[in-house]
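In: no letters, just coordinates:
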């Protein structure tokens, strides 16, 4: 199968197609992690994006049967240097091509992904169009499609990744085999802006029951649940579009302990009066150093975000920067000076990535009232 | 490292605790950094710490503490710690006797692994499958362990699904921890990681597997409180996901060097900064300049490392690879596919292969039984057998069953084979082959074209390599690392300057016998000189262990195989003013002619001069013309001719094939019978491959001369006198500067010949000559108009940076401008001694001869020869005794007679003398009384004594010992029991003098600067 990836600026990459035969468009981003394609492909925060992996050999260990980050592949398209149809892993049940096919997602391989990565680094994330076909592909038309694509910030992604109805996940009898001291029998309300299931698993593991709520849940509905805390999840798109979630946090800020991860960090920042901005090419990888300012200690973290909270916008919001990214100094965590509100921009639930900051969940659980 | 300007004071002294204590007392340093100098440095620091000198002199241990080192190194303490922090380790027990070992194996069952405590590179370890093996290996290990301790451990073997993984971890005083590079071994568990083919990053671990190991690694480094770098080896079972910790090295290691080169992250430099108290988040990342050293490098390419084994030099050695290191060096390759990296790495090994098969040397084994047994029991050839297996239709899954190698790797090998079979002379086909690492030679072999024809076709079709950068971050940040590798992609990042003052230096490749680290030293110095002259200096090399492949050594580093194709590709891209081939040993010399033909400007001595010097006919004619004596010699193109020539010259003669470095396949033969044997076994004589036959000058003094020549005038830097008589390969011979036993008139003759010959050969740069002095006649044996392995030794002995000077000469400077005048001898003595790998190579008889066998060298400096010789011996690990028992076993009767005065002296010095039968008899006839020991086959008394450490020194002078003779048995025992063994008359004399000199006098230490004060050459 043939494949063409065209960028908005007219750059064209021709390669081999794998996965589904299809035409798609999205924002082209790159992730530098050496391992973890199963987790990244199924991470809802990639909705609306075409994911490029910088490590050239992808598919080596195949794809496992279940326990992904969501119930399907979330990326719009997949870009790699070489996709491996032969895989070797005890837990794998299929190859990466078949996995993409199962979810009707196209992939391109055989292209100079380092060149593409440098392009994104220089230009910033850029819209692109990917076409895979058994027949000849009209390159010009692919370029046209890339040019016509609207800006990522206008994508309406939350309905695509959130639960439609309230769900209750009971921690009792599920997996309490955690030695964590923070284990409790409390319940949180989670605004599902596209939550990674590892986050849910981390709460459950600590004995916390979870109400998974639609992205547009109203503050009163949350109040009625009589929960011990509110959590705002990760998710795709421009955080400013998540008006309902922002509103809920704003309304409930003095009533419930509030925590959040990634997109949740941005929502909390916005809800309390801060501002967010788009990073040039985002932080996507599992090697990002984050300094916990109060501990003066650096943790290697997993990240996947294209937006960040503007640290200069926090004056008067009551929020302080608790974590910074050591590479560019951007905000990686917030903590309220008075209220039980704290959140991080990076992914303590990892998957993929280091487990070094899993203790963040203990901190979250400790805050529950 | 031992260059005078590397540090504020340099001590070239034996690495033993007494000396180090002396230096500490003299220099009174504030700190001691134990974790950078490998196992040697670590052991030394631990030993010194125990003496109390650190407290006495108020010296702080920098970085990881001695307690942590011991906790990581001492198996029992380490085991305790792992149990404490609940990290899994194989079932094991440390034992001090063989019977304890047997007792424990009753519990865990065989196979079991035996690991001696505190030995380098796992020396003396092994896997026992039977009780007899258990006994033998345990005893061997106990003997080698400085604390007579071995670990008996449950065997974790690849055939049971265990793969091997390595993580390089760093930690600072604030407890910040990072992983530099995860690596996965192609060879599963059971083979020492230094003996394994290794890939970076890991290929078959998923995120959960990798994070499991990563988390464990961080837990361990925290528990050990390491401050700096640490290497952790894991076994992970591919079938179950279970893992165990195999080994922890709380220091910078060989693997750290590999990880540094694989990622571009300078582990040792950062470790040193951590040692002086800096934290990772305040150390800048030199690669990106913007970010900090506190991050985890990520890469967007595949790295393959392959060890280089010395088995080409040791025909009789046991070539199986296992838990003991036998390789002398390694090579690394970088590519965008595994196939590409693997084939580039094979090409870099310099074993005459151009990739994984499909090359002219491809001898496919089609004997299934041979293949299967070679898949089961790994040797240095296992990779080739895997490939042969594929060719013979054995499936990757079957190969996996037999060898335990992860099937992913095997499928890749199969892919290489399949692509190789289908190569055609079309643009698309060649591009595919190139992206999978095929060389022009391989492509040519498949399509029936020459390398040049393929190259032309390839270039005319636009299939040329692109160069990508190694940047620690997979292009996430703009990087400034001038560190490139080739691949066949779309975008080229090499960004060559159009500087007309640009020079490429071709390096030496993997460390092997005959081509050691000395050549890297010369290359690095050449870079320094080029920079001093305002040139842009580029390096091409593929050895991850060297300084030349540090990305900040040169202005740009190309990490590439050293073949004509790969080197010319870079030259064509960079368009340098010239190329330097003189410093990298034989590797670059081998491509000199072809590069010249391709129009490359070769700086310094021209390839034709090198050819003249290596061509015996041309060289002989020059000597005749200049009236310089040479030993009789002849060339033979057939066996009959060889016999005739040898008889004409007269035995003994030295026989060897033409064009060799390191004296490969060279032998002294005494009669027709031996000559027949040699010709049959060692060389394939033919009209294209003649053999050279030289008169062997018995008992001559051999000399090495290093000189610089600017085309007109010559500076003789040093005359080195070999301690061993002529006939021992110059690379294996101990030697001394200045010479001790030749007269001034001989020296004048040596200088005169050197000058005449250097100019006559058109030398521009360095030249090395080998000469022999017999009956006051100076014979020229060889001239090599390029850097020799003696360059660093001479540079340090006389205080003249030869390679730097040579580089300047090659760029047009004259000796007079460089201030180099007449030959001058230092007032102190510098002795070079060599180090042999015999201990690691079972089945090899330690014997010196015209074939080079040593893998390294040491230097001893002192006020006179005797003291310097003693230090050189100590540095080489030979502790010359001052009292005790000496065993003498001398072969030929004339040698026995010659040894009589020595025997007398030994007795006078207070030693008790033991002799083998006939030696004792002849000594007795001449009035020397000794204790006679029986033949070993009658009574192994002498071996028993040696085992009980009742013999302190063995003098065994015997050439051409039969492997089963007593002489061979005794020598092998010396190696294994670590008893000093002298095998030459001249060395015996030197040793006796050295022992006398040091018996009543303490060893003293001086820095190089202190020595130089007395001898200022420039």
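Out: Noted; the coordinates are in hand. Quantities reported herein were computed from a predicted structural model and do not represent experimental measurements. Numbers count the residues shown, from 1 in each chain, chains lettered A, B, ... in the order given.

In: residue contacts, the residue of the stretch 701-850 of chain B found nearest chain A?
Out: Nearest residue of the stretch 701-850 of chain B to chain A (C-beta to the nearest C-beta) works out as residue B:840 at 33.1 Å. C-beta: built from backbone N, CA, C; applies to glycine. Contact analysis of residue B:840 by C-beta atoms under 8 Å, 6 or more residues apart in numbering or on different chains lists B:121, B:123, B:324-326.

In: domain parsing of chain A, as residue ranges.
Out: The record's domain parsing of chain A by automatic domain parsing lists A:2-155, A:159-367.

In: export those domains as a markdown table, with columns for mean neighbour count, mean pLDDT and distance to residue B:883.
Out: Output for the domains of chain A, formatted as a markdown table (neighbours: other C-beta atoms under 10 Å in any protein chain shown; pLDDT from 0 to 100; distance: least, C-beta to C-beta, whole Å):
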| stretch | mean neighbour count | mean pLDDT | distance to residue B:883 |
| --- | --- | --- | --- |
| domain A:2-155 | 21 | 97 | 60 |
| domain A:159-367 | 21 | 94 | 58 |
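
In: the host helix or strand of residue A:52 - contacts with which helices or strands?
Out: Following DSSP states H and E, one finds residue A:52 within strand A:49-53. Applying 3 or more C-beta pairs under 8 Å, 6 or more residues apart in numbering or on different chains; DSSP states H and E, one finds that strand A:49-53 contacts strand A:23-31, helix A:37-41, strand A:77-79, helix A:113-123.

In: any bit of the last one sitting next to chain B?
Out: I take that to be helix A:113-123. Yes: residues of helix A:113-123 contacting chain B under C-beta under 8 Å from any C-beta of the partner chain: A:113-115, A:117-118, A:121.

In: over to the shortest one?
Out: No: if you take C-beta under 8 Å from any C-beta as the test, strand A:77-79 misses chain B, and the best it gets is 12.8 Å.

In: dihedrals phi and psi, the residue of the stretch 701-850 of chain B closest to chain A?
Out: Taking degrees, to the nearest 10, you get phi -80, psi -10 for the backbone angles of residue B:840.

In: and it, what pLDDT?
Out: Per-residue confidence (pLDDT) for residue B:840: 80.

In: show me the contacts for residue B:125.
Out: B:113-116, B:119, B:137, B:141, B:323-324.

In: swap in 10 Å and give it another go.
Out: Counting by C-beta atoms under 10 Å, 6 or more residues apart in numbering or on different chains, residue B:125 makes contact with B:113-116, B:119, B:137, B:140-141, B:144, B:150-151, B:153, B:192, B:322-325.

In: equivalent analysis for residue B:918, please.
Out: Counted by C-beta under 10 Å, 6+ apart, residue B:918 has contacts B:889-891, B:893, B:896, B:932.

In: and these, which is closest to chain A?
Out: residue B:889 (56.3 Å).

In: quick one on the thing from earlier: out of the contacts of residue B:918, which is most surrounded?
Out: Neighbour counts for these, by other C-beta atoms under 10 Å in any protein chain shown, peak at residue B:890, which reaches 27 neighbours.

In: count residues in the vicinity of whichever residue of the stretch 251-400 of chain B sits closest to chain A, would you?
Out: Residue nearest to chain A within the stretch 251-400 of chain B: residue B:296 (3.8 Å; C-beta to the nearest C-beta). Look at residue B:296: counted by other C-beta under 10 Å, it has 27 neighbours.

In: let me see the ranges of the helices in the stretch 801-950 of chain B.
Out: Using DSSP state H, counting those that start in this stretch, the helices of the stretch 801-950 of chain B run over residues B:802-810, B:865-875, B:893-908, B:917-925, B:941-947.

In: mean pLDDT and distance to residue B:609 for those - can I get that in a markdown table?
Out: Output for these, formatted as a markdown table (pLDDT from 0 to 100; distance: least, C-beta to C-beta, whole Å):
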| stretch | mean pLDDT | distance to residue B:609 |
| --- | --- | --- |
| helix B:802-810 | 97 | 13 |
| helix B:865-875 | 95 | 34 |
| helix B:893-908 | 94 | 41 |
| helix B:917-925 | 94 | 49 |
| helix B:941-947 | 90 | 51 |
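
In: could you dump the domains of chain A into TSV and include distance to residue B:829?
Out: Shown next, in TSV, are those (distance: least, C-beta to C-beta, whole Å):
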stretch	distance to residue B:829
domain A:2-155	54
domain A:159-367	53
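
In: now render the helices and strands packed on strand A:49-53 as TSV, adding distance to residue B:401.
Out: Listed next are those as TSV, based on distance: least, C-beta to C-beta, whole Å:
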stretch	distance to residue B:401
strand A:23-31	36
helix A:37-41	27
strand A:77-79	33
helix A:113-123	35
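
In: closest to residue A:163 out of these?
Out: helix A:37-41 (19.9 Å; C-beta to C-beta).

In: surely residue A:129 forms part of a strand?
Out: Yes: looking at residue A:129 with DSSP: H, G, I helix; E, B strand; the rest coil, it is inside a strand.

In: wait, it sits on residue A:26?
Out: Yes: the criterion here is C-beta atoms under 10 Å, and residue A:129 meets it with residue A:26 at 8.2 Å.

In: so which bits of the stretch 51-200 of chain A are right by chain B?
Out: When proximity is defined as C-beta under 10 Å from any C-beta of the partner chain, the stretch 51-200 of chain A approaches chain B at A:53-57, A:60-64, A:67, A:81-82, A:84-92, A:110-122.

In: one more time with 6 Å
Out: A:54, A:56, A:60-61, A:86, A:88, A:90, A:112, A:114-115, A:117-118 (C-beta under 6 Å from any C-beta of the partner chain).

In: what's the farthest-apart pair in these?
Out: Largest pairwise distance in these, by C-beta to C-beta, is 36.4 Å, between A:90 and A:118.
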